[in-house]
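S.K.: Take this sequence and fold it.
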Amino acid sequence: MIGGLPGFHNAPASRAVVIAAALFSVPFGFRGRFLDLGLSYQSVYEKLSIWRLIASLFAFSSSPELIFGVALLYYFRVFERQIGSNKYAVFIVFSTTVSVLLQILALGYLKDPSLNPLTSGPYGLIFASYVPFFFDIPISMRFRVFRLSISDKSFVYLAGLQLLFSSGRRSVIPGLSGILAGLLYRLNTFGIRRLKFPEFATSIFSRLSWPFPNNSYQGLPTTETDGRNPSEQGVRTATQDPPESSIAALVSMGFDRSSAMQALALTNYDVNLASNILLEAQALQ
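M.R.: All right, here's what the predicted structure looks like:
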């Protein structure tokens, strides 16, 4: 799965969620208490436990879920780069809160002992992210496997299906709750998409660099020079023109042809990565 620029450059909130998932999951996993962390009817309606609620938001229920979940969180950091950390922090809080409320309602309505406890982990954020992934991320590659037509996005969907059904109905309910939360965010319920976290709050995430160092990249090359050659200015040049189909995909997203060609040259003709760079450059203007 390709999620754009390597590392967590311009994605400090995503990095904080990944660190939190690892810090909560690994200790409980060593103690063999994975299955005890999820929300249950008893823990919500009979004896509400705040620590259990907090742990259920971050700690995955098994090692395979931790692997797939962290991989998807890493991939979906692209959305933080697109809308900015201030808005993405709102997305995290909204999707997580709505997902938890929907899970609590499902537990109260179904009262099914086989659902106790629900699987734990940041399912709300992960599956809410599939909504913008479906609508906003373009397909950059198609190919056939045993007569089946699949795209580069198919692998992300397969990873999501693995996570969704990893614990049967106990994981399906958190996953579907996350998707509903993502749809509510996209529909701009209560004007949520206009809200931003204050700068001082999101700057805290930027200081949490361990164990992922900050990565940087050169921005789009410009036509202006200061008398130095391109290699001295950190500008990379392409040896051939980008594929016309890739240029057309970026132009269809609203970018001008010249910028699209420059971004593709910078990213070795990766449409997803090029669109990320163009969106970041647009946000800075």
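S.K.: Walk me through the regions of the protein where pLDDT falls short of the threshold, as ranges.
M.R.: Counting by pLDDT under 70, the ranges of the chain that qualify are 1-6, 28-36, 206-241, 280-285.
S.K.: what does the domain assignment say about it?
M.R.: Structural domains annotated on the chain: 12-207, 230-284, as defined by automatic domain parsing.
S.K.: For the ones you listed, give me JSON lines that also has mean neighbour count.
M.R.: The way it works is simple: take the backbone N, C-alpha and C, and place the C-beta from them, glycine included. Putting the domains of the chain into JSON lines (neighbours: other C-beta atoms under 10 Å) gives the following:
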{"stretch": "domain 12-207", "mean neighbour count": "18"}
{"stretch": "domain 230-284", "mean neighbour count": "17"}
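S.K.: Sticking with T97, tell me its helix or strand.
M.R.: Element membership for T97, per DSSP states H and E: helix 85-110.
S.K.: Which strands and helices lie in contact with that helix?
M.R.: Counting contacts by 3 or more C-beta pairs under 8 Å, 6 or more residues apart in numbering; DSSP states H and E, helix 85-110 is packed against helix 12-30, helix 50-58, helix 77-83, helix 123-128, helix 169-186, helix 199-207.
S.K.: Tell me the helices and strands packed up against the shortest one.
M.R.: Under the contact criterion of 3+ C-beta pairs under 8 Å, 6+ apart, the helices and strands touching helix 123-128 comprise helix 63-75, helix 85-110, helix 154-164, helix 169-186.
S.K.: Next up, phi/psi of I137, please.
M.R.: For I137, the backbone dihedrals (degrees, to the nearest 10) come out as phi -90, psi 120.
S.K.: ok but S120 is inside a helix, no?
M.R.: No. Checked against DSSP: H, G, I helix; E, B strand; the rest coil, S120 lies outside a helix; its state is coil.
S.K.: That one and N188, how far apart?
M.R.: 29 Å (C-beta to C-beta, to the nearest Å).
S.K.: mind putting the helices and strands packed on helix 123-128 in TSV, distance to L250 included?
M.R.: Formatted as TSV, the helices and strands packed on helix 123-128 follow (distance: least, C-beta to C-beta, whole Å):
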stretch	distance to L250
helix 63-75	20
helix 85-110	22
helix 154-164	20
helix 169-186	22
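S.K.: Relative to K47, which of the ones you listed is closest?
M.R.: The closest of those to K47 is helix 85-110. By C-beta to C-beta, the value is 13.6 Å.
S.K.: relative orientation of the closest one and helix 199-207 in degrees?
M.R.: If you take axes from the mean of the first three to the mean of the last three C-alpha atoms, to 10 degrees, helix 85-110 sits at 90 degrees to helix 199-207.
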